[in-house]
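Trainee: just to be clear, the model below is a prediction. Sequence and coordinates:
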Amino acid sequence: MRELCAVVLAAGEGRRLRPLTELVPKPLCPVDGVPLLDRTLDRLAGLGLAGAAHVAVNACYLADAIVAHLDGRVHVSVEPPPALGTGGGVANLRDWIAGRDVLVCNADGYLAGGAPYAELLAGWAGDRPRLLVVPDATRGDFPSAGPRTLRFAGASLAPWPLVAALPTGASELNVPWRHADAAGRLDLVRYDGVFLDCGTPADYLAANLHASGGASVVGAGATVAGTLTRSVVWPGATVRAGEHLVDAVRAVAPDGSPVTVRAGRPAA
């Protein structure tokens, strides 16, 4: 097998998570006090993938915040808007990848239980693309034949020949995945832990509550004089006396005003 590197995709706008993502890019949204991006980097470090020689992060939307947060810990590829997409972001890093196979991770994926990246890598010969998938009969998108009962869980393995063949410019990785699937050359590795893509307020809240063991989450420097039920209070935010937040996320705008997102009751 060729040498392995990792690319963490962190360029998207996170539109469904607005107005939270008008304050910070989605990869920096905290889950139980830890930014999603840092959770991904910690998982990669557990595989021995760390530092600018082994891990790259692409950024576009609010890229300055991501660059400042990473502070030289990894290689950063800043794309001018609009973002290049999942395939374009990897293709833009071809010179850095330099013939290696790639573990591609979505920065906004919350994974808990087991060792998902290690499970994805187990027994891989580097000759076929692989996807980490979770059972999901309602939102499944794989396999291509028969009932689609598996959903992509935010991590994949891309052999160097696939990376080398990606078109320059904007593209999506699901295009070569679909081609490989149709040809019977796509491997799906089922993950039986928890996966949430944190793309919606409900999933983002569910990730926080899972990570905290079900307790409401209060960030550093937050002030809570009111009451919380299944809610998240970001660092520096305030819940005033008499307020009762239920299934909500409270943040703070640059001018100090409160920002509240009603998430709805997370699924059990």
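Mentor: It's in. Here the structure is a predicted model, which means the values were calculated and not measured. Numbering: from 1, shown residues only.
Trainee: use CA for all of it now, contacts and neighbours both
Mentor: Fine.
Trainee: which residues touch the spatially most central residue of the chain?
Mentor: By CA atoms, centre = their mean, the mean C-alpha position of the chain lies nearest to residue 108, the distance being 2.0 Å. Each residue near residue 108 by CA atoms under 8 Å, 6 or more residues apart in numbering is listed here: 10, 26-27, 36-37, 197-199.
Trainee: list just the nearest of those to residue 101.
Mentor: Set against residue 101, the nearest of these by CA to CA is residue 10 (19.3 Å).
Trainee: how much space between residue 24 and residue 18?
Mentor: 10 Å (CA to CA, to the nearest Å).
Trainee: downstream neighbour of the helix or strand bottoming out on mean pLDDT in the chain in the secondary structure list?
Mentor: None of the helices or strands of the chain scores lower by mean pLDDT, DSSP states H and E than helix 174-182, at a mean of 90. For helix 174-182, the succeeding helix or strand toward the C-terminus, using DSSP states H and E, is strand 187-190.
Trainee: low-confidence ranges, the chain, go.
Mentor: Applying pLDDT under 70 to the chain picks out residues 1, 144-145, 265-268.
Trainee: which residues are in contact with the residue of it most remote from its centre?
Mentor: Using CA atoms, centre = their mean, the residue of the chain lying farthest from its centre is residue 242. It sits 35.3 Å away. Applying CA under 8 Å, 6+ apart to residue 242 gives the contacts 225-227.
Trainee: gap between the spatially closest residue to residue 40 that is not a sequence neighbour and residue 184?
Mentor: Spatially, and ignoring its direct neighbours in sequence, residue 40 is nearest to residue 107 (6.2 Å; CA to CA, 6 or more residues apart in numbering). Using CA to CA, one gets 28 Å for the distance from residue 107 to residue 184.
Trainee: hmm, back to that, how far away from the center of its chain is the least confident helix or strand of the chain?
Mentor: Centroid separation for helix 174-182 versus its chain: 21 Å, with CA atoms, centre = their mean, to the nearest Å.
Trainee: before we move on, what about stretch 247-255?
Mentor: That offset, for stretch 247-255, works out to 21 Å (CA atoms, centre = their mean).
Trainee: can you give me the helices for the stretch 101-250 of the chain?
Mentor: 116-121, 160-165, 174-182, 201-211 (DSSP state H, counting those that start in this stretch).
Trainee: all set now, cheers.
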